[in-house]
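**Q** coordinates for the following, if possible.
(chains A and B)
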Amino acid sequence: MPASVKLRIAGLKKSFGDKLVLDGIDLEVEAGSLLVVIGGSGSGKSVLLKCILGLIEPDAGTIEIDGRDILALPPEQRAVERGKIGMLFQNGALFDSLPVWENVTFGLLAQDRVKRAEAPALAAEFLKQVGLAETVGELSPAELSGGMQKRVALARAIAARPEMLFFDEPTTGLDPIMGAVIDGLIIDCVKRLGSTAVAITHDMASARRIGDAAAMINRGKIIWRGPASALMDSGNAMVDQFTHGRREGPIQMELRK
Amino acid sequence: MNALLDRIARLGRIVIAVLHSVGEVTLFGMAGVSHIFRPPFYGRAFGTAMMNIGFFSLPVVALTAVFTGMVLALQSFTGFSRFSAEGAIANVVVLSVTRELGPVLAGLIVAGRVGAAMAAEIGTMRVTDQIDALSTLSTDPMKYLVAPRLLAGTLSLPLLVVVADILGVMGGYLIAALKLGFNSTTYIARTLDFVQLDDVLSGLAKAAVFGFLIALMGCYQGYNSRGGAQGVGNATTSAVVAASILILAFDYVLTEMFFAR
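**A** Residues are numbered from 1 along each chain as shown, chains lettered A, B, ... in the order given. Got it, this is the predicted structure:
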């Protein structure tokens, strides 16, 4: 494996009953880059992400991080590898029962990397990095707006200084301005940490803003790869239809079959 | 012939589905119990669960116990007075409360109050990706969410039943002394003379099993809930119904074990 490849996925398959969701995914992500994965609803994006995160066990294939197949690792080592990963969930997935500061430092506390007494101050630093005031730390997630929840979730994802970051629909449910703010924070965080990142999104403006590379998934297969800047003019009929939001095109025709 | 085979096949599918569910719950429970004994331990989560299951259930369990003791004394008097055995009321009240009514009623009350809340909380965490988030933050959800609740359920229900036993007997005493004209000292002396340590301990053992079952069903249903708000609602209902049925079924099994000898 070339040294520049951080994540390599080969032949990844996953079915739920009779439904084949991932049909032999092959994908590489270069170290320090941000890959954007686009695709329609039900195309397998979220399942792909959950397989990488170890939340779903794939039926076949390999997922290599730094050349090591994480699917072949024993559970304890997989847990260690998982500690090097940060994840921003679509709806934030903040823990309702905990204050914001404890949400942000949850992973650090779980790994005994910070003492409980020091956690609120540390959380304040991370909150500052995502543009939130120190006082937000004492609030509960239910008291925050959608945009603030996303920022807190981003602070939680970067708190353990992960080698890899994953973003699931980071701008969904936000207004365009707040979406741009979150995108800016994602770019800042990824650069500052020097992490490798994968984002799945429907939002083309966001995809072009944050992505270095892009891939499109359709019916469980990667059908196109290229630079994120080429998303709107890829030369691939399916990608063009999707990125321009056209009703007519090969994807529509497939649905009609 | 074909109709008969269809019916047998349908019955077979139902039996397999029931056995499958029992197997899944058993494996879930075993996994949860195994995490109780393996580090890391989440003392704060355990303390919160103890407060939710035990302390905050105290008022409703106490009220239930007092009124049950009072009703028991009245009903016993009505029955026993027909063959001049009113003197046995103290014995009946203390025996019924410690052996049976204390653990079963406390169990059913806690199943309704806590089992539902557990299923709703964990179910909401499931459908809002909070359980997946735990996994990505180096935290085993079974260890963080399930194990503390199973332990807290097992330990806190016996404590609640101790209170229920005392208040249930006191309810009976209040009715006997204030309404039925019993001599207070004699009633208390009869109660203390009659009750045996085994009566109380067997009730507490039942309570520990019921507490475990309530927590198990609350956690299992919540953990496996799917499909948004409706899924969480279904999980909540299933947790209460399953825990209540299991309490009554295990009550019989444990009663056989403790008292048939």
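
**Q** so how far is stretch B:20-32 off the chain centroid?
**A** Mean C-alpha position of stretch B:20-32 versus that of the full chain (CA atoms, centre = their mean, to the nearest Å) differs by 18 Å.

**Q** can you check stretch B:33-52 too?
**A** Mean-position distance between stretch B:33-52 and its chain equals 19 Å (CA atoms, centre = their mean).

**Q** mind listing what's buried in it?
**A** Across stretch B:33-52, burial judged by 16 or more other CB atoms under 10 Å in any protein chain shown covers B:V33, B:H35, B:Y42, B:A45, B:F46, B:A49, B:M50, B:N52. In this view, the C-beta of every residue, glycine as well, is placed from N, C-alpha and C.

**Q** quick check: mean pLDDT of that stretch?
**A** Confidence over stretch B:33-52, taken as the mean pLDDT, stands at 94.

**Q** and the contacts of that stretch?
**A** Residues outside stretch B:33-52 that contact it (CB atoms under 8 Å, 6 or more residues apart in numbering or on different chains): A:110, B:114, B:117, B:140, B:142-153, B:155-156, B:215.

**Q** which parts of stretch B:178-189 are buried?
**A** Result for stretch B:178-189 [16+ other CB under 10 Å]: buried residues B:L180, B:F182, B:Y187, B:I188.

**Q** wait, doesn't the first one sit right on B:A73?
**A** Yes: with contact taken as CB atoms under 8 Å, B:L180 and B:A73 are classed as touching, separated by 7.0 Å.

**Q** who touches both of these two?
**A** Shared contacts of B:L180 and B:A73 (CB under 8 Å, 6+ apart): B:I89.

**Q** show me the helices in the stretch 1-150 of chain A, by range?
**A** Assigned by DSSP state H, counting those that start in this stretch, the helices in the stretch 1-150 of chain A fall at A:45-53, A:75-82, A:100-104, A:106-110, A:119-129, A:146-159.

**Q** please name the residues that touch the residue in the stretch 101-250 of chain A that chain B sits nearest to.
**A** For the stretch 101-250 of chain A and chain B, the shortest gap (CB to the nearest CB) falls at A:G107, measuring 3.9 Å. Residues near A:G107 by CB under 8 Å, 6+ apart: A:G83, A:R156, A:A159, A:A160, B:L137, B:S138, B:T139.

**Q** put together TSV for these, with distance to A:E169 on each row.
**A** Listed next are the contacts of A:G107 as TSV, based on distance: CB to CB, whole Å:
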residue	distance to A:E169
A:G83	24
A:R156	17
A:A159	21
A:A160	22
B:L137	19
B:S138	23
B:T139	23
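
**Q** which one of these sits closest to B:P59?
**A** B:T139 (33.0 Å; CB to CB).

**Q** you'd agree that closest one is up against A:Q111?
**A** No: B:T139 is not in contact with A:Q111 according to CB under 8 Å; the separation is 9.0 Å.

**Q** and the two? which has more neighbours close in?
**A** Legend: neighbour count by other CB atoms under 10 Å in any protein chain shown for B:T139 and A:Q111, higher for B:T139 (22 against 16).

**Q** picking up where we left off before, burial count for the nearest residue to the residue of the stretch 101-250 of chain A closest to chain B once chain neighbours are set aside?
**A** Excluding the flanking residues, the one nearest A:G107 by CB to CB, 6 or more residues apart in numbering or on different chains is B:L137, at 3.9 Å. B:L137: 27 surrounding residues under other CB under 10 Å.

**Q** now A:K128: how far from A:A121?
**A** Going from A:K128 to A:A121 by CB to CB, to the nearest Å gives 11 Å.

**Q** no wait, A:K191
**A** Remark: distance between A:K191 and A:A121 (CB to CB) = 25 Å.

**Q** one step back: make TSV out of the buried residues of stretch B:33-52 and add secondary structure.
**A** Putting the buried residues of stretch B:33-52 into TSV (DSSP: H, G, I helix; E, B strand; the rest coil) gives the following:
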residue	secondary structure
B:V33	helix
B:H35	helix
B:Y42	coil
B:A45	helix
B:F46	helix
B:A49	helix
B:M50	helix
B:N52	helix
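
**Q** residue 210: neighbour count?
**A** In the absence of a named chain, this looks at chain A. 24.

**Q** you answered for a different chain; I wanted chain B.
**A** Counted with other CB under 10 Å, the neighbours of B:F210 add up to 29.

**Q** count of neighbours near the closest residue to it other than its chain neighbours?
**A** Nearest residue to B:F210, sequence neighbours excluded (CB to CB, 6+ apart): B:G107, at 3.6 Å. For B:G107, the count of nearby residues is 30 (other CB under 10 Å).

**Q** B:G107 touches B:L204, doesn't it?
**A** No: contact criterion CB under 8 Å: B:G107 and B:L204 do not qualify, at 11.9 Å.

**Q** who in the stretch 1-150 of chain B is up against chain A?
**A** With CB under 8 Å from any CB of the partner chain as the criterion, the stretch 1-150 of chain B meets chain A at residues B:40, B:121, B:124-125, B:128-130, B:132-133, B:135-140.

**Q** low pLDDT regions in the stretch 151-261 of chain B?
**A** Within the stretch 151-261 of chain B, the stretches with pLDDT under 70 are B:260-261.

**Q** tell me the secondary structure for B:L95?
**A** Under three-state DSSP, the three-state class of B:L95 is helix.

**Q** show me which residues of the stretch 101-250 of chain A sit near chain B.
**A** Residues of the stretch 101-250 of chain A lying near chain B (CB under 8 Å from any CB): A:F106, A:G107, A:A110, A:Q111, A:R156, A:A160.

**Q** okay, the residues you listed in CSV with pLDDT next?
**A** What follows is those, written out as CSV (pLDDT from 0 to 100):
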residue, pLDDT
A:F106, 94
A:G107, 91
A:A110, 86
A:Q111, 83
A:R156, 95
A:A160, 88
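
**Q** gap between the residue nearest to the spatial centre of chain B and chain A?
**A** Note on chain B: the residue nearest the mean C-alpha position is B:G107, at 2.7 Å, using CA atoms, centre = their mean. Remark: distance between B:G107 and chain A (CB to the nearest CB, to the nearest Å) = 25 Å.

**Q** got the contact list for that residue?
**A** The contact partners of B:G107, by CB under 8 Å, 6+ apart, come to B:L157, B:K206, B:A207, B:F210, B:G211, B:L213, B:I214, B:I247, B:D251.

**Q** please pick the buried ones from these.
**A** Buried residues within the contacts of B:G107, counting neighbours by 16+ other CB under 10 Å: B:L157, B:K206, B:A207, B:F210, B:G211, B:L213, B:I214, B:I247, B:D251.

**Q** quick check: what element follows the strand or helix carrying the fourth one along the chain?
**A** According to DSSP states H and E, B:F210 maps onto helix B:197-223. Towards the C-terminus, the helix or strand next in line after helix B:197-223, according to DSSP H and E, is helix B:228-259.

**Q** that following helix versus helix B:197-223: what angle between them?
**A** Taking axes from the mean of the first three to the mean of the last three CA atoms, to 10 degrees, one finds that helix B:228-259 is oriented at 160 degrees with respect to helix B:197-223.

**Q** any bit of helix B:228-259 sitting next to chain A?
**A** No: Helix B:228-259 lies out of reach of chain A by CB under 8 Å from any CB, never closer than 11.8 Å.

**Q** helix or strand right after the lengthiest helix in chain A?
**A** Criterion DSSP state H: the longest helix present in chain A is helix A:176-193. Remark: after helix A:176-193, the chain's next helix or strand is strand A:196-201, criterion DSSP H and E.

**Q** which of the buried residues of stretch B:33-52 sits closest to B:A242?
**A** Of the buried residues of stretch B:33-52, the one sitting nearest to B:A242 (CB to CB) turns out to be B:V33, at 18.0 Å.

**Q** got a list of what residue 156 touches?
**A** You didn't pick a chain, so chain A it is. By CB under 8 Å, 6+ apart, the neighbours of A:R156 are A:G86, A:L94, A:N103, A:V104, A:F106, A:G107, A:F126, B:L137.

**Q** oops, chain B please
**A** By CB under 8 Å, 6+ apart, the contact list for B:S156 reads B:A49, B:M50, B:I53, B:G54, B:S57, B:G211.
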